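K.L.:
sharing a model prediction with you, sequence too.
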There are 2 protein chains.
Amino acid sequence: MAGPTDRTFSEPETEIMEGTYRALREYGYADLTMKHIAEECDKSTAALHYHYDTKDDLLVAFLDYILEQFVAAIQAVEVTDPAERLDILLDRLLAAPADHPELLVAMLEMRIQAPYNDAFRDRFQQNDEYVRYMLKAAINHGIDEGEFADVDAQHVTQVLMTIVDGARTRAVVFDDSQALEIARSAADEYLDAVLTVSR
Amino acid sequence: MAGPTDRTFSEPETEIMEGTYRALREYGYADLTMKHIAEECDKSTAALHYHYDTKDDLLVAFLDYILEQFVAAIQAVEVTDPAERLDILLDRLLAAPADHPELLVAMLEMRIQAPYNDAFRDRFQQNDEYVRYMLKAAINHGIDEGEFADVDAQHVTQVLMTIVDGARTRAVVFDDSQALEIARSAADEYLDAVLTVSR
């Protein structure tokens, strides 16, 4: 896998994405309009439509954008130790979202569109696969080095993402960022149990 | 705790709840109307409004109803062995929903209303607490019997519900009932790791 998406973002497109981020935090998904996004990035709605035909097209691009951001942040981390890398990935997945709860709400609102919106579903699927690919790389590295037990890395990453998604859902439904801390600890307990090499 | 909710359901109310169940599976939450529910239970919308002022009132009652159903099904199980009881609870939470994926979609749609609807949020919170209360009872029983390690039962039930909610979210977003099986196995692996008494 080269990059997570095939998409690149020009400077005006990046401005639109940053405006979308702010507009989603402010209005949530249900009340989001192209006008809100246009206002947040100081552009006309015509300028938005020049880049994206529909609001859905723009939001699909936004899903690509946040994955790119996530991956770039992870790739900037030069830590290669497998256990430390897993730690950093899980912190990013579970600790960072506590800083912007409104975005968690908007993202879950978008995720629940998946049954009715194939483009959204494809993108969430692709993002999930890419995050699991990064987790798996760290796990397989640890197995190769003899640091981790010889687990089914595919299964372990699916369990980790189940914990991540459960925490995010619970943080939104119960308005409780503690859900993220509980999950962070659950992930550690689970990894300790399955990855520890018996000596 | 006596029962999970203070509510009792008369015969017509039970019919309305059963109709709501079918209507939610058929139309989802977003497209659900009182008319749909009335048709599904062969009543007039006036008859529905006699029992429930608004659609939201009716849906809050529905959330109580499915918790009552869940608890009744669990209480009918006369198994007292702690490990077996945990198994049965987790099967109910994770295996049973695979039989009605449309209800999982509708329930997640209702859960994402929580940030905007206090009555829904209170009910989801209360349901979650009651399910965790049942899980905790089985865990504490196992600890008392010396079958389980002396864990923080509160934390363990929060982790289990994180796995349950993650699986349900993933089953809906990815239209993949395998998410429930993965979570069922994750719950077992986690419980094995934390509950096993070192001898």
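P.N.:
Structure's in. What do you need? Predicted model, so just to flag it, every value in this text is computed and none were measured.
K.L.:
flag every buried residue along the strand or helix carrying A:H36.
P.N.:
A:H36 belongs to helix A:34-40 when assigned by DSSP states H and E. Using 16 or more other C-beta atoms under 10 Å in any protein chain shown as the test for burial, helix A:34-40 gives A:M34, A:H36, A:I37, A:A38, A:E39, A:E40. Glycine gets a C-beta too; all of them are placed from N, C-alpha and C.
K.L.:
just the CA trace of that helix, in PDB.
P.N.:
What follows is helix A:34-40, C-alpha atoms only, in PDB (Å, rounded to 0.1, in the frame of the first residue of the first chain):
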ATOM      1  CA  MET A  34     -22.800  24.000   1.800                       C
ATOM      2  CA  LYS A  35     -23.500  27.500   3.000                       C
ATOM      3  CA  HIS A  36     -22.100  26.700   6.400                       C
ATOM      4  CA  ILE A  37     -19.000  25.200   4.900                       C
ATOM      5  CA  ALA A  38     -18.600  28.200   2.500                       C
ATOM      6  CA  GLU A  39     -18.800  30.600   5.400                       C
ATOM      7  CA  GLU A  40     -16.300  28.700   7.500                       C
END
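K.L.:
any idea how far whichever helix or strand comes after that helix is from the chain center?
P.N.:
With elements assigned by DSSP H and E, the helix or strand that comes after helix A:34-40 is helix A:45-51. How far helix A:45-51 lies from its chain's middle: 26 Å, per C-alpha atoms, centre = their mean, to the nearest Å.
K.L.:
tell me the buried residues in helix A:45-51?
P.N.:
A:L48, A:H51.
K.L.:
what number of residues lie near the closest residue to chain B within chain A?
P.N.:
Chain A approaches chain B most closely through A:G166 (2.8 Å), counting by C-beta to the nearest C-beta. Per other C-beta atoms under 10 Å in any protein chain shown, the neighbour tally for A:G166 reads 29.
K.L.:
what's the pLDDT at it?
P.N.:
In this model, A:G166 is scored at 98, pLDDT.
K.L.:
who are the contact partners of the nearest residue to it once chain neighbours are set aside?
P.N.:
Among residues not flanking A:G166 along the chain, B:G166 sits closest, at 2.8 Å (C-beta to C-beta, 6 or more residues apart in numbering or on different chains). Listed by C-beta atoms under 8 Å, 6 or more residues apart in numbering or on different chains, the contact set of B:G166 reads A:M161, A:T162, A:I163, A:V164, A:D165, A:G166, A:A167, A:T169, B:A183.
K.L.:
average pLDDT across the one helix or strand A:L93 maps to?
P.N.:
Taking DSSP H and E as the definition, one finds A:L93 inside helix A:82-94. If you average the pLDDT over helix A:82-94, you get 94.
K.L.:
again with stretch A:46-54
P.N.:
Here the average pLDDT along stretch A:46-54 is 95.
K.L.:
how about stretch A:57-77?
P.N.:
Across stretch A:57-77, pLDDT averages out at 88.
K.L.:
can you give me the buried ones in it?
P.N.:
Residues A:58-68, A:70-71 are the ones in stretch A:57-77 that count as buried (16+ other C-beta under 10 Å).
K.L.:
now A:F148. Its backbone dihedrals?
P.N.:
When read as degrees, to the nearest 10, the backbone of A:F148 gives phi -110, psi 150.
K.L.:
grab the nearest non-local neighbour of A:I139.
P.N.:
Excluding the flanking residues, the one nearest A:I139 by C-beta to C-beta, 6+ apart is A:A153, at 4.3 Å.
K.L.:
fine by me, we can end here.
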